[in-house]
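1. Fold the following and give me the result.
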Amino acid sequence: MLELVKAGGWPMLPLLLLSAVALAIIVERFWTLRRSQVLPPGLGREVRDWVGRGSQLDPAHIESLRGNSPLGTLLASVLDMRHHPREEMRERVEDVGRHLAHRMERYLNALGTIAGIGPLLGLFGTVVGMIQMFLGIMDVGVGDVNELAGGIGKALVCAAAGMVVAVPALMFHRYFRGRIDGYIVEMEHEAIALMDALDPRNRRPAAAAAAAGAPVQGGAHAGHTGHGAAARPAEA
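-> A predicted model of the protein is given here:
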């Protein structure tokens, strides 16, 4: 490997630097974009339970939720607007969602840039190597054919190195973009579910059904008892 780096000459230095930066970004994004870090399991249901109980909606709990995770930040923005119309809540969710998406896409532009310029730097190194080889031919002639082939091979090392840097960078750039898009969709789903839980129109029918269920069951039980009591004297 060291011999290949030496063969590529000084154009290999920026390629090595780019490869180190790309590796650092990939490792950092894998750590930051863990699912448990972005979408803690059960958090959406837990917040909806808060709403159902009508408790733990004080500012301290909401601020604690906001610092929990990106999903917590989005749900906290919904709770901040819980006394406002649904359209205003939706606008706040969209605004906060854009900021969260931008935060999760941190460094991805740099990774995409590395994927784009890696082959160009490799091609540049190849051109520099070919120029140096032909200048040598102009000075001393063609000479040994094997030496000429070796010079061409060394010039192509930079092109290969550029592709080795660019291909993984492009793959992980697309992968992280797709993962973030999936996270955004799931976060929006949880936010909509929380807005539904906060909507009085959705809570009123459930409360009315619960209130109406008890008397109906009690009445049916009383009617059944009365019918039995009336039957016994008739038999007597």
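2. quick one, helices of the protein?
-> Secondary structure of the chain (DSSP state H): helices at 2-8, 12-32, 35-38, 43-53, 59-66, 70-80, 86-104, 108-140, 145-198, 200-235.
3. Of those, flag the one that's most buried.
-> helix 70-80 (a mean of 22; mean count of other Cβ atoms under 10 Å). Placement of C-beta: from N, CA and C, glycine included.
4. Quick check: nearest residue in space to Val78, chain neighbours excluded?
-> Leaving aside its sequence neighbours, Val78 sits nearest to Leu194 (Cβ to Cβ, 6 or more residues apart in numbering; 4.9 Å).
5. Adding mean pLDDT as columns, could you present the helices of the chain in CSV?
-> Supplementary listing: those in CSV, determined by pLDDT from 0 to 100:
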stretch, mean pLDDT
helix 2-8, 65
helix 12-32, 93
helix 35-38, 92
helix 43-53, 86
helix 59-66, 87
helix 70-80, 92
helix 86-104, 91
helix 108-140, 83
helix 145-198, 87
helix 200-235, 44
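6. Domains in this protein, by residue range?
-> 2-198, 200-236 (automatic domain parsing).
7. Can you report phi and psi for Asp58?
-> phi -80, psi 160 (degrees, to the nearest 10).
8. Could you report the pLDDT at it?
-> Per-residue confidence for Asp58 comes out at a pLDDT of 79.
9. same check, this time on Arg82
-> 84.
10. pretty sure it contacts Leu198?
-> Yes: using Cβ atoms under 8 Å, Arg82 is in contact with Leu198, at 5.1 Å.
11. So for those two, which residues contact both of them?
-> Common contacts of Arg82 and Leu198 (Cβ atoms under 8 Å, 6 or more residues apart in numbering): Val51, Met89.
12. So what touches stretch 161-176?
-> Defining contact as Cβ under 8 Å, 6+ apart, one finds that stretch 161-176 is touched by 4, 8, 12, 15, 18-19, 22, 26, 29, 33, 105, 108, 111-112, 114-116, 118-123, 125.
13. first vs last residue of stretch 28-36, how far apart are they?
-> 15 Å (Cα to Cα, to the nearest Å).
14. residue closest to the middle of this protein?
-> Centroid check for the chain by Cα atoms, centre = their mean gives Ile180 as the closest residue, at 2.5 Å.
15. Quick check: it vs Glu63, distance?
-> With distances taken as Cβ to Cβ, to the nearest Å, Ile180 is found 25 Å from Glu63.
16. ok, back up a step: out of everything not next to it in sequence, what's closest to the residue nearest to the centre of the chain?
-> Once flanking residues are discounted, Ile180 sits nearest to Met104: 4.9 Å by Cβ to Cβ, 6+ apart.
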